[in-house]
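Participant: here's a sequence, model it:
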Amino acid sequence: MKKIQLILGVLIVIGLFGCTNSNNQNDSSNGNSESENNTSLSYNLDYFQFELIDDGYELVRVTDNNVKNILIPPSYEGKPVVSIGYESFYDCNSLESITIPSSITSIGEYAFFRCSSLERVNYGGTISQWASIDFDSSSSNPLSNGTTKLYINDVLQENIILDGIDKIGNYAFFNYYFIKTVTIKDGVTSIGKNTFYRCNFLTSITIPSSVTNIGEDAFIYCDSLTIYCEVSSTPSGWDSSWNYDNRPVYWGINENNFIEKDGIQYVIVNEKAVVTRYVGTSAYVEIPTTIEINGKTSRVTNIAEYAFSNCYYLTNITIPNSVTSIEEYAFYLCDQLQSVTFEPNSKLESIGGYAFDYCRSLTTITIPSSVTSIGEGALNNCNQLQSVIFEPNSKLESIGDSAFSGCSFLTSITIPSSVTIIGNNAFSGCISLTTITIPSSVTSIGYDAFSLCDFLTIYCEVSSKPSGWDENWNSNNRPVYWSNK
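Facilitator: The predicted structure is shown next:
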């Protein structure tokens, strides 16, 4: 293939231009309704080096590495600009914004490597067209530095719908922190490798039954993600590491068993509604007792694993008395969560492992009397937690390993008389804990249950250490008062 090297001279245009493109199709507006004011750009002294290839021109190099704002022309010499080449913007660490035309179909390796100041990409096509670009590697994608925002029609792309294409390319949203939800429409057959790599704030994605291939690590490091699939099990064409981090997956999703209402997503399982993911932005959330899908009412009984994890907006949650289980990591890293309210006559039976781990604004919690188990690390690292109240007539039987570890503001606690097991490190690192009362019902205490509790005095109803208590249950040799009734 013969290449003819051409140099586009100094292009000087004085004035401002808008980033909007009135010809964009409706899916270009699938971003969040919140949009930033358009930051108008002006051409700088931009030097583009082009090479002629089979179907148009490739942008080979920008010769000024200090350029800040740049617009790539959609055509040159009467032919479309279809490619951004290898290392074309390499080390342009002053580049702050770039406008990419819809004519671009491929971007070469290292094209945007070390563009550390890039804040904004304005794209002239639709979000589906963006997803179809052939990115040669992660360094081909200008979004990959984790701080760059993608705008179409001056709308920040956060909640996107992909439609009218047959494949979503490799690295299409690599390290794009601003994406929140993805809906893939029927007709898409392939999702590439590392497509949604480290999309940390991506909360949900819906995958239609038409998708027969998913590449390796497609959703790796998507720490907030819940996946909904129309198919009932993993197709043979999906790579074995398509869901490398084992994010929650709900199979066989359809209009009769899935709904989103008021930012809460629900799946019907065995005729009961499960809260699977919160995708809203409200600080105050009240989960309803029932939910209706296509005229059929189901009772809300479970809050699933990771359902509210990383919800940095959430400050208050009200949980209905119909809920019987809060699963692992349900409220993990809800750093602003201040209040958890259980409705009266709660039927809650279990609080799963790490359910409220790192809820560092939570100051008090009342455990319903119906709860029988508190899982491993359930309130771990709640370092502002000052008060744990167990309702009267508690049925609590077990307190898991590290359940209250790192609750550094907790000062005192009385274990309900129904408890039989206190796990390893259950209260380790509760540095402000001064008193704890252990009932005679407790037959097992794990090692280092009260380690680093340097001001603690322990009151035990039994007259001496039971055989089921680990020999290092009180590894710090804190004072113990036996036969304390």
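Participant: okay, now the unreliable bits of the stretch 251-400 of the chain?
Facilitator: By pLDDT under 70, the stretch 251-400 of the chain has no low-scoring segment.
Participant: the stretch 1-150 of the chain too?
Facilitator: For the stretch 1-150 of the chain (pLDDT under 70), the answer is 1-46.
Participant: pretty sure residue 419 contacts residue 396?
Facilitator: Yes - contact criterion Cβ atoms under 8 Å: residue 419 and residue 396 qualify, at 5.4 Å. For the C-beta atoms, the positions are set from N, CA and C on the backbone; glycine is no exception.
Participant: care to break this structure down by domain?
Facilitator: 1-156, 158-253 (automatic domain parsing).
Participant: got JSON lines for those domains, with mean neighbour count too?
Facilitator: Formatted as JSON lines, the domains of the chain follow (neighbours: other Cβ atoms under 10 Å):
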{"stretch": "domain 1-156", "mean neighbour count": "18"}
{"stretch": "domain 158-253", "mean neighbour count": "19"}
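Participant: of all the ones you listed, which one comes closest to residue 385?
Facilitator: domain 158-253 (23.2 Å; Cβ to Cβ).
Participant: residues contacting residue 427?
Facilitator: Listed by Cβ atoms under 8 Å, 6 or more residues apart in numbering, the contact set of residue 427 reads 403, 404, 405, 407, 410, 413, 433, 436, 449, 450, 453.
Participant: of those residues, which belong to strands?
Facilitator: Counting by DSSP state E, the contacts of residue 427 place 413, 436 in strands.
Participant: give me the subset of the contacts of residue 427 lying in helices.
Facilitator: Members of the contacts of residue 427 lying in helices (criterion: DSSP state H): none.
Participant: and the contacts of residue 427, which are buried?
Facilitator: Taking 16 or more other Cβ atoms under 10 Å as the criterion, what is buried in those is 403, 404, 405, 407, 410, 413, 433, 436, 449, 450, 453.
Participant: before we move on, the earlier item: any chance of the domains of the chain in a markdown table, plus distance to residue 311?
Facilitator: A markdown table is the format used below for the domains of the chain (distance: least, Cβ to Cβ, whole Å):
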| stretch | distance to residue 311 |
| --- | --- |
| domain 1-156 | 16 |
| domain 158-253 | 8 |
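Participant: nearest to residue 294 among those domains would be which one?
Facilitator: Across those, closest to residue 294 is domain 158-253 (Cβ to Cβ), at 13.8 Å.
Participant: what about residue 471, neighbour count?
Facilitator: 8 (other Cβ atoms under 10 Å).
Participant: tell me the confidence at it?
Facilitator: pLDDT recorded at residue 471 is 97.
Participant: which ones are touching it?
Facilitator: Listed by Cβ under 8 Å, 6+ apart, the contact set of residue 471 reads residue 447.
Participant: and it, how far from residue 465?
Facilitator: In this view, residue 471 and residue 465 are 9 Å apart by Cβ to Cβ, to the nearest Å.
Participant: out of the buried ones among the contacts of residue 427, the closest to residue 139 would be?
Facilitator: Closest approach to residue 139 among the buried ones among the contacts of residue 427 (Cβ to Cβ): residue 405, at 40.7 Å.
Participant: so who does the closest one touch?
Facilitator: By Cβ under 8 Å, 6+ apart, residue 405 lies in contact with 377, 380, 381, 425, 426, 427, 428, 429, 430.
Participant: let's see that with 7 Å instead.
Facilitator: If you count contacts by Cβ atoms under 7 Å, 6 or more residues apart in numbering, residue 405 has them with 377, 380, 425, 427, 428, 429.
Participant: the residues you listed in helices, which ones?
Facilitator: Nothing among these maps onto helices, per DSSP H.
Participant: just the buried ones among the contacts of residue 427 now: which is nearest residue 313?
Facilitator: Checking the buried ones among the contacts of residue 427 one by one against residue 313 (Cβ to Cβ), the nearest turns out to be residue 407, at 23.8 Å.
Participant: quick check: the closest one vs residue 362, distance?
Facilitator: 10 Å.
Participant: shared neighbours of these two, anything?
Facilitator: Residues within reach of residue 407 and of residue 362 at once, by Cβ under 7 Å, 6+ apart, are 382, 385.
Participant: adding distance to residue 316, write the contacts of residue 405 out as TSV.
Facilitator: Below are these laid out as TSV (distance: Cβ to Cβ, whole Å):
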residue	distance to residue 316
377	23
380	21
425	30
427	27
428	29
429	27
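Participant: and which of those is nearest to residue 220?
Facilitator: Nearest to residue 220 among the contacts of residue 405 is residue 377, at 23.7 Å by Cβ to Cβ.
Participant: and that closest one, how many neighbours does it have?
Facilitator: Counted with other Cβ under 10 Å, residue 377 comes out at 27.
Participant: with residue 295 instead?
Facilitator: Neighbours of residue 295 (other Cβ under 10 Å): 5.
Participant: kindly report the same for residue 321.
Facilitator: Residues lying near residue 321 (other Cβ under 10 Å) number 15.
Participant: again with residue 287
Facilitator: Counted with other Cβ under 10 Å, residues neighbouring residue 287 total 22.
Participant: contacts only, for it.
Facilitator: Counting by Cβ under 7 Å, 6+ apart, residue 287 touches 264, 275, 300, 318, 319, 320.
Participant: pipe these into a markdown table and attach distance to residue 82 per row.
Facilitator: Formatted as a markdown table, those follow (distance: Cβ to Cβ, whole Å):
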| residue | distance to residue 82 |
| --- | --- |
| 264 | 44 |
| 275 | 46 |
| 300 | 51 |
| 318 | 54 |
| 319 | 54 |
| 320 | 55 |
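Participant: now render those residues as CSV, adding neighbour count, distance to residue 284 and secondary structure.
Facilitator: Supplementary listing: these in CSV, determined by neighbours: other Cβ atoms under 10 Å; distance: Cβ to Cβ, whole Å; DSSP: H, G, I helix; E, B strand; the rest coil:
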residue, neighbour count, distance to residue 284, secondary structure
264, 24, 13, strand
275, 25, 16, strand
300, 21, 17, strand
318, 14, 8, strand
319, 21, 13, strand
320, 18, 15, coil
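Participant: any idea which of those is closest to residue 243?
Facilitator: Taking the contacts of residue 287 together and measuring to residue 243 by Cβ to Cβ, the closest member is residue 275, at 20.8 Å.
Participant: which residue comes closest to residue 294 once chain neighbours are left out?
Facilitator: Excluding the flanking residues, the one nearest residue 294 by Cβ to Cβ, 6 or more residues apart in numbering is residue 256, at 5.7 Å.
Participant: against residue 298, how distant is the one you found?
Facilitator: Distance of residue 256 to residue 298, computed by Cβ to Cβ: 11 Å.
Participant: same thing with residue 393?
Facilitator: 30 Å.
Participant: which one of the two has more residues nearby?
Facilitator: With neighbours defined as other Cβ under 10 Å, residue 393 and residue 298 compare such that residue 298 has more, 20 against 10.
Participant: pretty sure the more buried one belongs to a strand, no?
Facilitator: Yes - counting by DSSP: H, G, I helix; E, B strand; the rest coil, residue 298 falls inside a strand.
Participant: who's the residue nearest to it when sequence neighbours are not counted bridged to?
Facilitator: In space, and not counting its chain neighbours, residue 298 is closest to residue 273: 4.2 Å by Cβ to Cβ, 6+ apart. Assessed by DSSP bridges, residue 273 has beta-bridge partners residue 268, residue 300.
Participant: repeat that for the one 4 residues further on.
Facilitator: Going by DSSP bridges, residue 277 is paired in beta bridges with residue 265.
Participant: distance-wise, check it relative to residue 333.
Facilitator: Going from residue 277 to residue 333 by Cβ to Cβ gives 14 Å.
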